[in-house]
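[1] sequence and computational prediction follow.
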Amino acid sequence: MLEYFKMIPEELVRQILMRVSYKSHSKLKKVCKNWKAMVEDPQFYEDRLRCGRSEEFICLLETVNHQFKSLPLVTIYDPINKLWEKLPTIPAEFEFCSSSKLICVKHKLVLLGLSQRNRAGSKRKRTETTKAILIFDFLSCKWRKGADMPTRECPANFGCCASPEGLIYLAGGRQNGEITGKATSQAAVYNVETNEWKLLPNMLQNQWLCDCVFIEGMMYVVCLYDEEVQQFEPETEVWSVLPNMWFIEDCMYPMVAAFGRLYCFQWDVVTEYDSRENLWRIVDGLPQPLDSVDAAVLGDRIFLSGVESGSKNHTFFYIYQLPLKTGVNRERWICVERPQYFSQSCIQSVATLVI
């Protein structure tokens, strides 16, 4: 078979391999050195994206109760084949904190706000969030430590999101990493490729319990207890305030951008933001009331995780299919099944991987 491929022009071989599912790339690496180098080249995945051959997966940062212990876990959901799998365990000196977040940028998964043991083996207080970062590269399938967050305080309850250019933005949080600490106005941006952080101008107001999202080239920072939303323009690095934009009572997460619109999931309803009138409208209902909701965009759909209202450990997963402009009638909510092993998990963060 390999001799046959040697007779085919290299560019044509490349086009063929670009159509192979990512799940089979580990097998392609074993065929020959040329294929291994091709599949491990980041440009290969850029070309897959450009020609419409990339795949989308859901990544989840979670803890699982197993034999009376809380185990840190990063899992992947394949929505096409409906398969779940675990990523390799994070290095032993790192631990998740209550404010840890997960962001996907290109072929990398980034964990922010991790606790890390010092050389003596001791651990920080459980209520403290450190600046440690871990990066999982889906090309090498290995974890590596990233540059520590450069913020002046160790943030807790901070907001973060990825820009269309693949940069990670961080905003707000609690001072000194304490959940009772004062809110902060700090902001920074991280380049995963160069492993470099840059401090940004402070926000106009202190914010905590933040959620961040990019839409139409602007980053929006929403705070649970503030009706004024802060906007950041990356090109000019200027902050501005959008007054009376956020007034969904007692609702924080999640806010996601899809098709140029903002959506929020509040207990039992789906709300959509109307920028022309600066108000939120209820556009749909959830299949059931959910607490601790998180979400990620999956093409023209939204993946949703949440805990059954009134329950502390019964997590449900749904795929919300956004109404199409063509008027095609399709099922709005699809329940996602999980293996029994994950039934007692607690989801902290959800993100979409495009590879």
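    Sure thing, it's come through. Numbers count the residues shown, from 1 in each chain.
[2] contacts, neighbours, all on C-alpha from now
    Noted.
[3] any stretches of the chain with poor pLDDT?
    1-6, 65-70, 118-130, 151-156, 175-181, 224-226, 246-253, 311-313, 323-330, 341-344 (pLDDT under 70).
[4] in which helix or strand would I find the residue lying closest to Trp143 once chain neighbours are set aside?
    Nearest residue to Trp143 in three dimensions, chain neighbours excluded: Phe136, at 4.4 Å (C-alpha to C-alpha, 6 or more residues apart in numbering). Here Phe136, judged by DSSP states H and E, is contained in strand 132-137.
[5] and the helix or strand containing Gln348, how far out from the chain middle?
    Here Gln348 is covered by strand 345-354, with elements defined by DSSP H and E. Centre-to-centre, strand 345-354 and its host chain are 6 Å apart (C-alpha atoms, centre = their mean, to the nearest Å).
[6] run me through the strand neighbours of that strand, direction for each.
    strand 56-66 (antiparallel) (DSSP bridges).
[7] who's Leu262 bridged to?
    Beta-bridge partners, per DSSP bridges, of Leu262: Ala257.
[8] what is the burial count for it?
    18 (other C-alpha atoms under 10 Å).
[9] wait, Arg332 touches Leu322, no?
    Yes. Using C-alpha atoms under 8 Å, Arg332 is in contact with Leu322, at 6.9 Å.
[10] anything in contact with each of these two?
    Shared contacts of Arg332 and Leu322 (C-alpha atoms under 8 Å, 6 or more residues apart in numbering): none.
[11] Three-state assignment for the nearest residue in space to Asp41 that is not next to it in sequence, please.
    Sequence neighbours aside, Leu139 is the residue nearest to Asp41 in space, at 7.9 Å (criterion: C-alpha to C-alpha, 6+ apart). Put simply, Leu139 is coil when judged by DSSP: H, G, I helix; E, B strand; the rest coil.
[12] what backbone torsions are found at Leu139?
    phi -90, psi -40 (degrees, to the nearest 10).
[13] run through the residues that contact it.
    Val39, Glu40, Asp41, Pro42, His107.
[14] so which of those wins on neighbours?
    Val39 (22 neighbours).
[15] these two touch, right, that residue and Lys27?
    No. Applying C-alpha under 8 Å as the test, Val39 and Lys27 come out as separate, 10.2 Å apart.
[16] ok so, going back, now, among the contacts of Leu139, which is nearest to Glu56?
    His107 (10.8 Å; C-alpha to C-alpha).
[17] residues in contact with the closest one?
    Pro42, Tyr45, Asp137, Phe138, Leu139, Leu353, Val354, Ile355 are the contacts of His107 under C-alpha under 8 Å, 6+ apart.
[18] buried subset of those as a PyMOL selection?
    To isolate the buried members of those in PyMOL, using 16 or more other C-alpha atoms under 10 Å:
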select buried, resi 45+137+138+139+353+354+355
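[19] and of the contacts of His107, the nearest to Glu11?
    Relative to Glu11, and with distances defined as C-alpha to C-alpha, the nearest of the contacts of His107 is Tyr45, at 14.7 Å.
[20] need the three-state assignment for that closest one.
    helix.
[21] what's the separation between it and Glu196?
    Using C-alpha to C-alpha, to the nearest Å, Tyr45 is found at 23 Å from Glu196.
[22] just Gly285 next, same as before
    Applying C-alpha to C-alpha to Gly285 and Glu196 gives a distance of 42 Å.
[23] one more: Arg48?
    27 Å.
[24] next one: Pro91
    21 Å.
[25] and for Trp208?
    Taken as C-alpha to C-alpha, the span from Trp208 to Glu196 is 24 Å.
[26] next: Ser99.
    In this structure, Ser99 and Glu196 are separated by 22 Å, where distance is defined by C-alpha to C-alpha.
[27] same deal with Arg50?
    27 Å.
[28] got it, and Val13?
    With distances taken as C-alpha to C-alpha, Val13 is found 36 Å from Glu196.
[29] now do Phe265
    The separation that Phe265 has from Glu196, given C-alpha to C-alpha, amounts to 34 Å.
[30] which one's more surrounded, Ser99 and Glu196?
    Using other C-alpha under 10 Å, the more surrounded residue of Ser99 and Glu196 is Ser99, with 23 against 14.
[31] next, count neighbours for Thr236.
    Counted with other C-alpha under 10 Å, Thr236 comes out at 7.
[32] so where does it fall, helix or strand?
    Thr236 belongs to no helix or strand, assigned by DSSP H and E.
[33] swap in Ile76?
    Per DSSP H and E: strand 69-78 holds Ile76.
[34] and whichever helix or strand comes after that strand, which strands flank it?
    Note on strand 69-78: by DSSP H and E, the next helix or strand toward the C-terminus is strand 83-86. Strand 83-86 sits in its sheet next to strand 69-78 (antiparallel), going by DSSP bridges.
[35] and the partner strand, what's buried?
    By neighbour count with 16+ other C-alpha under 10 Å, strand 69-78 contains the buried residues Pro72, Leu73, Val74, Thr75, Ile76, Tyr77.
[36] now swap in stretch 258-273 and tell me
    Ala258, Leu262, Tyr263, Cys264, Phe265, Gln266, Trp267, Val269, Val270, Thr271, Glu272, Tyr273.
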